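Undergrad: have a look at this prediction, sequence included:
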Amino acid sequence: MKYYQPSLQKLVILMVISLVILIIHQASYINDFSLASFSSESIEVIKKCRLSDYEIPTDTKSPNTPKIPNLVHQIWKTDDVRTYSIEASQESWKTSFEPLNFTVKLWTEDDVLKLIKANYSWLLPTYEGYSQNIQRADVARLVVVHAEGGTYADLDVYPILADKIICLQHLGLQAIFPTMSGNRGLSNHFFMAEKGSDFIEWALQEVKRRGNRSKRVLLPYVRVFWSTGPLMVTSASQQFLWMYNTASRKLGVMDEQYRRLVIRHKAGRSWHGPDGQVLNWFADHVDMQIIGLVVGLLAASLVVSCIIVRRRRGRGNLLYIES
């Protein structure tokens, strides 16, 4: 009778390989967005915008009236933004935009739920099935902008120059998002779109498609980003642009340098757990492509090491106890 007893060295190698495979699998949910991969027919990279270049109509029924309405949407648990973790930006938006004939609208969780039940019932099971509130908040911002059009801003996003934001409305684009991570992805902490935007609807459909699949993502931070956050928006934009490569449904993305002239994002990251804090540190200090290269090299070196060890030891690595 023979018993197989693997060596400690083999067990360690097996554990390390399994860990690397798991990391590579989880990293596969992170996709890069390249502005250069799309033609100017389908996407407009916004590096500047001067309001003086556009005729601003005083009549709201004028054909030159922008399709993106004068609405600023913000979302919080209740109507008391004083419970927000930092000073909420609501008053900044009101001070800057209400004198310019804008409406700054605060949505509560109950308001959003009523809207989804009334007009987006197909999305309700997905919305209620999320394990984290931030996932519902991500979906809520897409829903309210799709339903009414306008601009969405997180409570930690502050306006810098009102005329820059108004200028964006007059570019004739159906939706505009800022870029992030050196223009390698789209952010969802601030964006604007026309009412019933085809792209926002596409993104909401993508949210539903990813609902159950998001459970495969183990890290909560990555799960949020992939299921409802910037990774989802980035992927949805790639799909949409390939499907509808037409100037009439053009999307706009703000170059990162121009975005700094438009808004200030005081990211609190209050919802992030330890995994998110670690990943954010890497994102802030290390290029994610370098991290991917390092992980790939580690995986390759481990495979080579296993082959070398196996050849050297051969069958001598197996211990037999005969009885």
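TA: Thanks, I have it. Numbers count the residues shown, from 1 in each chain.
Undergrad: domain-wise, how is the chain divided?
TA: 1-30+286-323, 34-270 (automatic domain parsing).
Undergrad: ranges for the strands of the stretch 51-200 of the chain?
TA: For the stretch 51-200 of the chain, the strands defined by DSSP state E, counting those that start in this stretch cover 71-75, 103-107, 150-153, 157-159, 175-180, 185-186, 190-193.
Undergrad: now do the first one against strand 103-107, angle only.
TA: Between the axes of strand 71-75 and strand 103-107, defined by axes from the mean of the first three to the mean of the last three CA atoms, to 10 degrees, the angle is 20 degrees.
Undergrad: going forward, begin numbering at 5 instead of 1
TA: Understood, numbering begins at 5; the last thing we discussed is strand 75-79.
Undergrad: partners of strand 75-79 in the sheet?
TA: strand 107-111 (parallel), strand 154-157 (parallel) (DSSP bridges).
Undergrad: any idea how far I164 is from W97?
TA: I164 is 12 Å from W97, where distance means CB to CB, to the nearest Å. From N, CA and C alone the C-beta is placed, and that goes for glycine too.
Undergrad: still on that earlier bit, and the domains of the chain, which one's lowest on average pLDDT?
TA: In terms of mean pLDDT, the lowest-scoring of those is domain 5-34+290-327 (a mean of 57).
Undergrad: re earlier: of all the strands of the stretch 55-204 of the chain, which one is nearest S125?
TA: strand 107-111 (18.1 Å; CB to CB).
Undergrad: name the residues of that closest one that are buried.
TA: In terms of neighbour count (16 or more other CB atoms under 10 Å), strand 107-111 has its buried residues at 108-111.
Undergrad: of the strands paired with strand 75-79, which is nearest Q178?
TA: strand 154-157 (12.8 Å).
Undergrad: got the buried residues for that closest one?
TA: Residues of strand 154-157 classed as buried: 154-157 (neighbour count, 16+ other CB under 10 Å).
Undergrad: let's see that strand as CSV, backbone CA atoms only.
TA: Taking Å, rounded to 0.1, in the frame of the first residue of the first chain, the C-alpha atoms of strand 154-157 are listed here in CSV:
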residue,chain,number,x,y,z
GLY,A,154,-29.1,67.6,-16.4
THR,A,155,-25.9,67.5,-14.4
TYR,A,156,-25.1,65.1,-11.6
ALA,A,157,-22.5,66.0,-8.9
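Undergrad: so S241 sits against K254, correct?
TA: No - contact criterion CB atoms under 8 Å: S241 and K254 do not qualify, at 11.9 Å.
Undergrad: look at the two and report which has more neighbours.
TA: In this view S241 and K254 are compared by other CB atoms under 10 Å, and S241 has more residues nearby, 24 against 21.
Undergrad: excluding its backbone neighbours, what's nearest that one?
TA: Distances taken as CB to CB, 6 or more residues apart in numbering place L190 nearest to S241, at 5.8 Å, with adjacent residues excluded.
Undergrad: so I164 and W97 - more neighbours on which side?
TA: Ranked by neighbour count (other CB under 10 Å), I164 and W97 place W97 first, with 25 against 14.
Undergrad: next up, the contacts around that one.
TA: Residues near W97 by CB atoms under 8 Å, 6 or more residues apart in numbering: 76, 78, 108, 157, 162-163.
Undergrad: quick check: the farthest pair among those residues?
TA: Comparing all pairs in the contacts of W97 by CB to CB, the longest separation belongs to V108 and Y162, at 12.7 Å.
Undergrad: what pLDDT does G277 get?
TA: At G277, pLDDT is 51.
Undergrad: please name the bridge partners of V76.
TA: V108, T155.
Undergrad: ok, it touching S100?
TA: No - in terms of CB under 8 Å, V76 does not count as a neighbour of S100; the distance is 9.3 Å.
Undergrad: quick one: which of these two has more around it?
TA: A side-by-side neighbour count of V76 and S100, using other CB under 10 Å, places V76 first with 24 against 19.
Undergrad: who's in contact with that one?
TA: With contacts defined as CB under 8 Å, 6+ apart, the neighbours of V76 are 97, 101, 106-109, 154-157.
Undergrad: same deal with V85?
TA: So V85 contacts 78, 92, 94, 110, 159 (CB under 8 Å, 6+ apart).
Undergrad: how long is stretch 248-268 end to end?
TA: Length of stretch 248-268, first residue to last, CA to CA, to the nearest Å: 32 Å.
Undergrad: other residues contacting it?
TA: So stretch 248-268 is contacted by 39, 42-43, 45-53, 157, 161-165, 168-169, 172, 175-184, 186-187, 190, 194, 202-203, 241, 244-245 (CB under 8 Å, 6+ apart).
Undergrad: of these, just the buried ones, ChimeraX syntax please.
TA: To isolate in ChimeraX the members of the contacts of stretch 248-268 that are buried, counting by 16+ other CB under 10 Å, one can use:
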select :42,46,47,48,50,53,157,161,162,163,168,169,172,175,176,177,178,179,180,181,182,183,184,187,190,194,202,203,241,244,245
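Undergrad: filter the contacts of stretch 248-268 down to just the ones in helices.
TA: 168-169, 172, 202-203, 241, 244-245 (DSSP state H).
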